[in-house]
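Student: Here is my input, please return the structure:
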Amino acid sequence: MVDIAEDGRTWLLSGPTSSYALHLTDADELLHLHWGPRVTLADAVALAQDPLPGYWPFESPLDGREEYPVEGGPRFVRPALSLRTDERRGTEWRFRAHETEGDELRLRFDDDGIAVTLHYRMRGDVVERWVTVANGSHARVELLRADAATWTLPDREGWRLSQLHGRWAAESLLTAAPLTYGEKVIGSRRGHTGHQHLPWVALDTDATEEHGEVYGCALGWSGSWRIAVAQLPDARVQITGGAGHDDSGLLLLQPGESYTTPVFAGLWSDGGFGGASRTWHAYQRAHVVPDAGRDRPVLFNSWEATNFDISEEQQLALAHRAAEIGVELFVVDDGWFGARTSDHAGLGDWTPNPDRFPRGLKPLADRVHGLGMQFGIWVEPEMVNADSDLYRAHPDWVQFQPGRKRTELRNQLVLNLAREDVQDYLWEQLDTLLSSAPIDYVKWDFNRCFTDAGWPGEPYPQRLWVDHVRALYALLDRLRAAHPQVAFESCSGGGGRIDLGVLSRTDQVWTSDNTDPLDRLAIQHGFTQIHPARVMAAWVTDSPNTQLNGRVSSLRFRFVSAMAGVLGVGGDLTGWTAEELAEAREWVALYKEIRPVVQHGDLYRLRPPAGGLSAVQYVRGDETVVLAWLQAQSYGEPVPALRLRGLDPTASYECRETGEVHRGAVLLHHGLRTRLQGDLDATVLRLRRV
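Tutor: So this is what the prediction gives:
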């Protein structure tokens, strides 16, 4: 909902529990007024009457108060917009108009033929913000920096900054630290979202998991990005973020051209970190993830079972075992195409290997469908091996710097997807592939970063950083429209490309290449700070975990760990015993029973994975599911009790596994202790209102 004051210079956006307000002064200075608990338009108008402080030596009254600070004039904070023409640098805008269309508010400004539009939209309690910059009359406008938004926090003392950091096989690890004066900058200069940081921050002063105010911001962009959190000299805090990692040049706009930033979304919650997470999850299920109301199937992926050594007969043998345990989607991973017998060759040649699949993929896909499962494949379209027919025909199609060695990471180069001929080639290849067989699912991978981001012959080569991502989005959109039956999973060596942008075009994401069930608890704990279980893919693989750390864990622990999101199986089923297959069949059947609650319910993190007992709870209607893991016990300490959340305190709930009936605030105690017996043990408990 958008409310506008009578003078047309104060605007208020309101959700179920929160409001966001801004005001335009007579000098066309756009000021932030309020972000927090719900207020009225009269409250916002009253806030707009407060005068700005006067100028002090070396300080500006605008700093820390402007809604979208630009470069130029009496400002010293980090500018959200920095541009230059042939005549000048910076922005001196004038307000032109405001517009509303549905739930979107647009504020239009102009600077001598350069139009800047600020967009706002309230989705539940999530505020979406983005910006459009258009060149109306200049010979050229160079965008050095065009951030999606600047967020201003209320005056508080003792802000704490939470973020998700990591690396390959250790993504999405949660950390928090006091915010100090100056700037904290996170981001990626790698050409993709990156394993090192998810584009999300949260700030609080004294919040717990379920109590206290939390402000969160998340950027929807799948390329290089930057978020800067600044505590200014007067202790005010602003968060600025957008595409691109530095200010060396984003795009060059010719007359009539425009650039629209990605969405930078923000929310306020007074329900602690858990309340903020549930708001993020509901927002993504309702407004971001395609077909989010549809259950994601239990899948089998062949990678850890076979690596590159695959054949039609071998895949079919795995498919039979997968079907026997109840798998619903069978996925052939890397190695099915071109000369792909290792990671040294084949990328770019998206036709089935004639030795391994002499009749193409259709016979295998038909057999998989005959077993009652869907069929999926792995692709990595943005990459190419030097040993490939594609590279031999078009060596100029990769990113490279003239006169420099072309860096090969994982023996591959990055295709310059900003080129229209590359876009046309990939569309033709992938459309033909998806039309050649009954394919239901595509795992879309991206296994190396940009290193030689050059484009010889292009007048403004740095545009490839933005245009690569825009072309990726366009290709995914086009494929989804042409093949609506196909679901897509985003992967980048695990969790290297997870953000609101790619999630708006894919059905789930591969959370991490680390399939160790104990490590996954911390990764999944961090991931759910922002993203819902509905998109969090996890696999049950073999023990010992020979792919990573050699850890031995029970099938029970592996399954309960992976059941916290979208369940998958990735072990070599042909080597599992009859007893293991029978147990796996029971776990898959149990997951299908609890799947609607896990994938679509409200998530509560009951205890973090800190070494002892950890647990998560999902609530949907009258149904509650608890997944609990006992990592270790020390000094004979008993298993602690769990107090459940999100339930009706006046109702009674029966635990299906123990038969116990609990009243009011449910405390799981006896049932947990009888079902968790030792290190690396796990259990599932289901409760229903009676």
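
Student: Contacts made by stretch 402-422 with the rest, please.
Tutor: Under the contact criterion C-beta atoms under 8 Å, 6 or more residues apart in numbering, stretch 402-422 has outside partners 191, 343-344, 347-348, 380-386, 391, 394, 397-400, 423, 426, 447-452, 454-456, 463-464, 467-468, 471-472, 475. Using the backbone N, CA and C atoms, a C-beta is placed for each residue, glycine as well.

Student: count of residues packed around Gln631?
Tutor: Using other C-beta atoms under 10 Å, Gln631 has 17 other residues around it.

Student: Quick check: closest non-adjacent residue to it.
Tutor: Gly611 (5.7 Å; C-beta to C-beta, 6 or more residues apart in numbering).

Student: Relative to Tyr635, how far out is that neighbour?
Tutor: 13 Å (C-beta to C-beta, to the nearest Å).

Student: who has more neighbours, the two?
Tutor: Higher neighbour count among Gly611 and Tyr635: Gly611, with 9 against 4, using other C-beta under 10 Å.

Student: Report the secondary structure state of the more buried one.
Tutor: Using DSSP: H, G, I helix; E, B strand; the rest coil, the structure places Gly611 in coil.

Student: so how far is Ser634 from it?
Tutor: 9 Å.

Student: again, but for Asp343
Tutor: 43 Å.

Student: between those two, who's got more neighbours?
Tutor: More neighbours surround Asp343 than the other of Asp343 and Ser634, with 16 against 8 (other C-beta under 10 Å).

Student: List the contacts of the more buried one.
Tutor: Contacts of Asp343 by C-beta under 8 Å, 6+ apart are Phe308, Asp334, Asn385, Arg410, Asn411, Gln412.

Student: go on, Val229?
Tutor: Leu161, Leu179, Glu183, Lys184, Val185, Val201, Leu203, Val237, Gln238, Ile239.

Student: That one belongs to a helix?
Tutor: No: assignment of Val229 by three-state DSSP gives strand, placing it outside any helix.

Student: Could you find the closest non-adjacent residue to it?
Tutor: Leaving aside its chain neighbours, Val229 sits nearest to Lys184 (4.6 Å; criterion: C-beta to C-beta, 6+ apart).

Student: what's the span of stretch 260-275, first residue to last?
Tutor: Distance between the boundary residues of stretch 260-275 (C-alpha to C-alpha, to the nearest Å) amounts to 31 Å.

Student: buried stuff in that stretch?
Tutor: Within stretch 260-275, the residues that count as buried by 16 or more other C-beta atoms under 10 Å are 261-269, 271-275.

Student: do stretch 641-654 as well
Tutor: Leu642, Leu644, Arg645, Gly646, Leu647, Tyr653.

Student: Sort out for me which of these are in strands.
Tutor: In strands, defined here by DSSP state E, the members of those are Leu642, Tyr653.

Student: if we take the buried residues of stretch 641-654, which one ends up nearest to Arg140?
Tutor: Closest approach between those and Arg140, by C-beta to C-beta: Gly646, at 55.0 Å.

Student: rewinding a little: check contacts around the residue nearest to Val229.
Tutor: Per C-beta under 8 Å, 6+ apart, neighbours of Lys184: Leu161, Ala228, Val229, Ala230.

Student: what does Arg226 give?
Tutor: Shown in contact with Arg226 (C-beta under 8 Å, 6+ apart): Val185, Ile186, Gly187, Gly241, Gly242, Gly244, His245, Asp246.

Student: Quickly find the element holding it.
Tutor: Element membership for Arg226 (DSSP states H and E) is strand 225-231.

Student: Hey, what's the angle from the following helix or strand past that strand to strand 225-231? Just curious.
Tutor: Where DSSP H and E defines the elements, the next helix or strand beyond strand 225-231 is strand 237-243. With axes from the mean of the first three to the mean of the last three C-alpha atoms, to 10 degrees as the basis, strand 237-243 and strand 225-231 are set at 170 degrees to each other.

Student: So in that sheet, which strands flank strand 237-243, and in what orientation?
Tutor: strand 149-152 (antiparallel), strand 225-231 (antiparallel) (DSSP bridges).

Student: just how off-centre is it within its chain?
Tutor: With C-alpha atoms, centre = their mean, to the nearest Å as the basis, strand 237-243 stands 18 Å off its chain's centre.

Student: cool, stretch 358-370 as well?
Tutor: The chain centre lies 33 Å from the centre of stretch 358-370; the measure is C-alpha atoms, centre = their mean.

Student: With stretch 418-434 instead?
Tutor: With C-alpha atoms, centre = their mean as the basis, stretch 418-434 stands 25 Å off its chain's centre.

Student: Same check on stretch 7-20?
Tutor: That offset, for stretch 7-20, works out to 27 Å (C-alpha atoms, centre = their mean).

Student: List the buried residues of it.
Tutor: Using 16+ other C-beta under 10 Å as the test for burial, stretch 7-20 gives Arg9, Thr10, Trp11, Leu12, Leu13, Ser14, Gly15, Thr17, Ser18, Ser19, Tyr20.

Student: One more: stretch 408-422?
Tutor: Asn411, Gln412, Leu413, Val414, Leu415, Asn416, Leu417, Ala418, Arg419, Val422.

Student: now do stretch 39-53
Tutor: Buried, per 16+ other C-beta under 10 Å, within stretch 39-53: Val39, Leu41, Ala44, Val45, Leu47, Ala48.

Student: can those residues go into TSV with extra columns for secondary structure, distance to Gly136 and pLDDT?
Tutor: Below are these laid out as TSV (DSSP: H, G, I helix; E, B strand; the rest coil; distance: C-beta to C-beta, whole Å; pLDDT from 0 to 100):
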residue	secondary structure	distance to Gly136	pLDDT
Val39	coil	37	98
Leu41	helix	33	98
Ala44	helix	32	97
Val45	helix	33	97
Leu47	helix	34	96
Ala48	helix	30	95
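
Student: between those, which is nearest Tyr283?
Tutor: Minimum distance to Tyr283 across the buried residues of stretch 39-53 is 21.1 Å, recorded for Val39 (C-beta to C-beta).

Student: mind listing what the closest one touches?
Tutor: Taking C-beta under 8 Å, 6+ apart, one finds Leu12, Ser14, Ser19, Ala21 in contact with Val39.

Student: Note down every partner strand of the helix or strand encompassing the last one and its orientation.
Tutor: So the one you mean is Ala21. Ala21 belongs to strand 18-24 when assigned by DSSP H and E. Strand 18-24 pairs in its sheet with strand 10-14 (antiparallel), strand 30-37 (antiparallel), by DSSP bridges.

Student: now the end-to-end length of stretch 174-189.
Tutor: The straight-line separation of the ends of stretch 174-189 (C-alpha to C-alpha) is 21 Å.

Student: What of stretch 478-489?
Tutor: Span of stretch 478-489 from end to end, C-alpha to C-alpha: 16 Å.

Student: Help me confirm that Ala632 comes into contact with Gly611.
Tutor: Yes: counting by C-beta atoms under 8 Å, Gly611 is a contact partner of Ala632 at 6.1 Å.

Student: For the most far-flung residue of the chain relative to its centre, give me phi and psi.
Tutor: Centroid-distance maximum for the chain: Pro57 at 43.3 Å, with C-alpha atoms, centre = their mean. Dihedral angles of Pro57 (phi, psi; degrees, to the nearest 10) stand at phi -60, psi 130.

Student: Same question for the one 4 residues further on.
Tutor: In terms of degrees, to the nearest 10, the main-chain angles of Pro61 are phi -70, psi -20.

Student: which of the contacts of Lys184 lies closest to Thr577?
Tutor: Leu161 (48.7 Å).

Student: Poorly predicted segments of the stretch 551-690 of the chain, please.
Tutor: When residues are selected by pLDDT under 70, none of them lie in the stretch 551-690 of the chain.
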